[in-house]
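[1] I'd like to go over a predicted model; first the sequence, then the structure.
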Amino acid sequence: MKIKLLLAFSFWMLVMTVSCNKDDISFDAPSQKLSFSKDTVFCDTVYHQVRSETYAVKVYNNEDKDILIPRIHLEKGASSLYKINVDGKPGYDFKDVALRKKDSLYIFVEIAPEATGPEAIAEDKILFESPAGQQNVVLFSVVQDAEFFIKSSSNPNILTSDATWTNNKAKIIYGDLTVDQNVILNIQPGTKVYFHKNSGMKVLQGATLNINGTLTNNVTLRGDRNDPAYDTIPKNWNSVKMEPGSTLNMNYTRLFGGTKGLEMKQANATISNSFIHTFQEYGIYSIGSTITARNLVMNNCGESAIGIFRGGTYNLTHCTIVNYSDLLQSYNRNGIFATNEWKNESNQTEQGALILNVRNSIVYSDRDNSVFFEQTPGQLFNFTFENCLLKYSSQSEAGFLDTAPSVIQLVKNQDPLFVNYFAAQMNLRVKQNSPAIGKGSTTVAATVPTDIAGSSRTSNPTLGAYQYQ
């Protein structure tokens, strides 16, 4: 009994000691300014009535004393489009916020706005009021009006009649959007098409996808995570899948950030003045298709920028097809991979003839070889590299001889000297001492007389999509 009483008394004294210590803490008014992990929060581009991801700001007390911040609040108060959470409590106006010496607290920020037009800027400030002076953290976001295409058990998400998408609203796709047989979808200049995770587009037999960007008003197809950090991360969405007998016309388009870019099976495509980059597997994955590409720029694709299976016909002129990637080091990272064979969904091998013509182009990689061919005996495998800068290791690595009659005026294994090949600041123009300058055929250049930026290349043509100026 005495032991129990002694234990109870000891416990009570411990509680009283802790309580007294807590009561003894004194919080003073700040005498120095606070510091922050960032002075501006750039929120993801957000869509009409869709909540953004959550962003964090850390607030630091650098003083050698515990302080009470008299007031933390949103400048626009309850009318703000932003929501904040200060040290675990939601609201828009907070009084006497305690912060221990040499410690920090989190403020979490979100926005879920209503759009008032096609695109607008949402701004506010988190204000910090104290005797040391007013401080602020700026909140900034682009708000877009949006049209949603959502696949569900009751909505197969199929376009059953011809449609035209304009840039008055961003297009947000959840699940696959299907363009039905013989339907035409036109995507007009400046339109932004965003795909949610595990979403994509499927274009069925006889259907046509026309992507009509311009030099000054590109069309964008990408994942719906718009934070700049996601510009260089693949696998944010699936692919644009072109089914047999479908047609793609693509001009001044930026396509990036998915698993595969264009996934084509016995389809037809004309691609001009476009950028395809940052895909987990392939930028273009083609099975027995017909593709004509001019002024095409590609980079940062895991397996290959262009993957050709079961043959087909491919004419690539003034293209910059390269593959540099820090993120996808474990992958093959070819510029072009081509084979006569393909294993279908039943794991049966199908074969087809291949015709590949690459002219006035750059095909380069951070691997020893930028091209890999697997030629099937008994199947037509015709290829031409004419006036190209090519990263070439050996016949065993590439699958062909660089001395073959179909390899004409090759610039071999010379660094193209790009301005910047990293995806975050990608600029695949060449520098003034690049070996690609002046090496193009003028006859070939005359078939694509202006480069991807609209500059003339009819004299002294530079290899690739950019004419050196």
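    That came in fine, so what should we check first?
[2] after the lowest-mean-pLDDT helix or strand in the chain comes which helix or strand?
    Among the helical and strand segments of the chain, the one scoring lowest on mean pLDDT, DSSP states H and E is helix 2-24, with a mean of 47. Later in the chain than helix 2-24, the nearest helix or strand by DSSP states H and E is strand 35-36.
[3] Show me what the helix or strand just after that following strand is packed against.
    Next helix or strand after strand 35-36 toward the C-terminus (DSSP H and E): strand 40-42. If you count contacts as 3 or more C-beta pairs under 8 Å, 6 or more residues apart in numbering; DSSP states H and E, strand 40-42 packs onto strand 135-144. Placement of C-beta: from N, CA and C, glycine included.
[4] Give me the sheet partners of the strand it packs on and which way each runs.
    Strand 135-144 sits in its sheet next to strand 40-42 (parallel), strand 46-47 (parallel), strand 119-129 (antiparallel), going by DSSP bridges.
[5] CA-only coordinates of it in CSV, if you can.
    In CSV, the C-alpha atoms belonging to strand 135-144 read as follows (Å, rounded to 0.1, in the frame of the first residue of the first chain):
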residue,chain,number,x,y,z
GLN,A,135,6.3,40.9,-44.2
ASN,A,136,4.6,38.9,-46.9
VAL,A,137,4.8,35.7,-49.0
VAL,A,138,3.3,36.2,-52.5
LEU,A,139,0.8,33.6,-53.8
PHE,A,140,0.6,33.2,-57.6
SER,A,141,-1.2,30.9,-60.0
VAL,A,142,-2.5,30.8,-63.5
VAL,A,143,-6.2,29.9,-63.6
GLN,A,144,-7.7,28.3,-66.7
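[6] can you list contacts of that strand?
    By C-beta atoms under 8 Å, 6 or more residues apart in numbering, the list of residues contacting strand 135-144 from outside reads 33-34, 36, 38-48, 52, 57, 75, 81-82, 107, 109, 111, 113, 115-116, 118-128, 169-170, 192, 226.
[7] at 6 Å what do you get?
    33, 36, 39-43, 45-47, 57, 82, 111, 113, 115, 119-120, 122-128, 170 (C-beta atoms under 6 Å, 6 or more residues apart in numbering).
[8] are any of those residues buried, and which?
    36, 41, 43, 45-47, 57, 82, 111, 113, 115, 119, 122, 124-126, 128, 170 (16 or more other C-beta atoms under 10 Å).
[9] re earlier: compare the mean pLDDT across the strands paired with strand 135-144 and name the weakest.
    For the strands paired with strand 135-144, the weakest mean pLDDT is recorded on strand 46-47, namely a mean of 83.
[10] Quick one: name whatever helix or strand follows that one.
    Per DSSP H and E, the first helix or strand lying C-terminal to strand 46-47 is strand 55-60.
[11] Please spell out which residues along that following strand are buried.
    For strand 55-60, by 16+ other C-beta under 10 Å, it's 55, 57, 59.
[12] Check which helix or strand the closest residue to the first one other than its chain neighbours maps to.
    Counting by C-beta to C-beta, 6 or more residues apart in numbering, the nearest residue to Tyr55 once its immediate chain neighbours are dropped is Val109, at 4.7 Å. Using DSSP H and E, Val109 falls within strand 104-111.
[13] for that strand, the distance to its chain's centre please.
    26 Å (C-alpha atoms, centre = their mean, to the nearest Å).
[14] now what about that strand, what contacts it?
    So strand 104-111 is contacted by 41, 43, 46, 51-52, 54-60, 81-87, 99, 141 (C-beta under 6 Å, 6+ apart).
[15] And stretch 442-454, end to end?
    17 Å (C-alpha to C-alpha, to the nearest Å).
[16] who's in contact with that stretch?
    In contact with stretch 442-454 (C-beta under 6 Å, 6+ apart) are residues 215, 273, 294-295, 317-318, 359-360, 456-458, 461, 465-467.
[17] Okay, strands next: where are they in the stretch 201-350 of the chain?
    Using DSSP state E, counting those that start in this stretch, the strands of the stretch 201-350 of the chain run over 208-212, 219-223, 240-242, 247-251, 253-256, 260-265, 268-279, 282-301, 304-317, 320-323, 334-339, 341-343, 349-351.
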